[in-house]
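Colleague: Next one to model:
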Amino acid sequence: QVQLVESGGGLVQAGGSLRLSCAASGRTFSNYIMGWFCQAPGKEREFVAAISGSGGSTHYGTSVKGRFTISRDNAKNTVYLQMNSLKPEDTAVYYCAADRWIGNSYAVSGEYDYWGQGTQVTVSS
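Modeller: Residues are numbered from 1 along each chain as shown. Presented below is the predicted three-dimensional model:
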C-alpha cells in the first residue's frame, strides 16, 4: 500500500514557475514508477510526466516537454515536478500516481494503482 500527498500548487502568473512535490509512504518507494497527471474542469485526466524507479528514465506529455521536469529523491520518498514557463492552459488539478508494474503504459492513468488527492495549479494571464 502506498499513500501519496501532493503539495506546492498555487497561483502564478504566466511565464512563472512552480515546483510540485509528492511525498509517498512506504519503504519500497524506489520500486514504484511515479507519474504526474493533470485534470482541468470538464476535461479528461491528462498525462504530464513519469519517472522510473531509479530515476534514470523519464517521459513527458507533448504539451509540457521542454518546460516541465520530473525528478525523484528515493531517500526522501518524494517525487517532484518542476514547472517552468507556465501558461494559462496549464491550469488544472495536478495528481501524482504510483504503480509497480506499469511497463510502457506510463501515460495511461488507468494503469496506476495509487493516487494522491491532487493540488491546484492556477496560471493567470
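
Colleague: okay, CA-based contacts and neighbour counts for the rest of this
Modeller: OK.

Colleague: Now for the most centrally placed residue in the chain: which residues touch it?
Modeller: For the chain, the residue sitting closest to the mean C-alpha position, by C-alpha atoms, centre = their mean, is Trp36 at 2.2 Å. Trp36 makes contact with Phe47, Val48, Ala49, Ala50, Leu81, Tyr94, Tyr95, Cys96, Ala97, according to C-alpha atoms under 8 Å, 6 or more residues apart in numbering.

Colleague: go with 7 Å
Modeller: For Trp36, the contacting residues are Phe47, Val48, Ala49, Ala50, Tyr94, Tyr95, Cys96, Ala97, taking C-alpha atoms under 7 Å, 6 or more residues apart in numbering as the criterion.

Colleague: got the buried residues for the helix or strand harbouring it?
Modeller: Element membership for Trp36, per DSSP states H and E: strand 33-39. Of the residues in strand 33-39, Ile33, Met34, Gly35, Trp36, Phe37, Cys38, Gln39 count as buried by neighbour count, 16 or more other C-alpha atoms under 10 Å.
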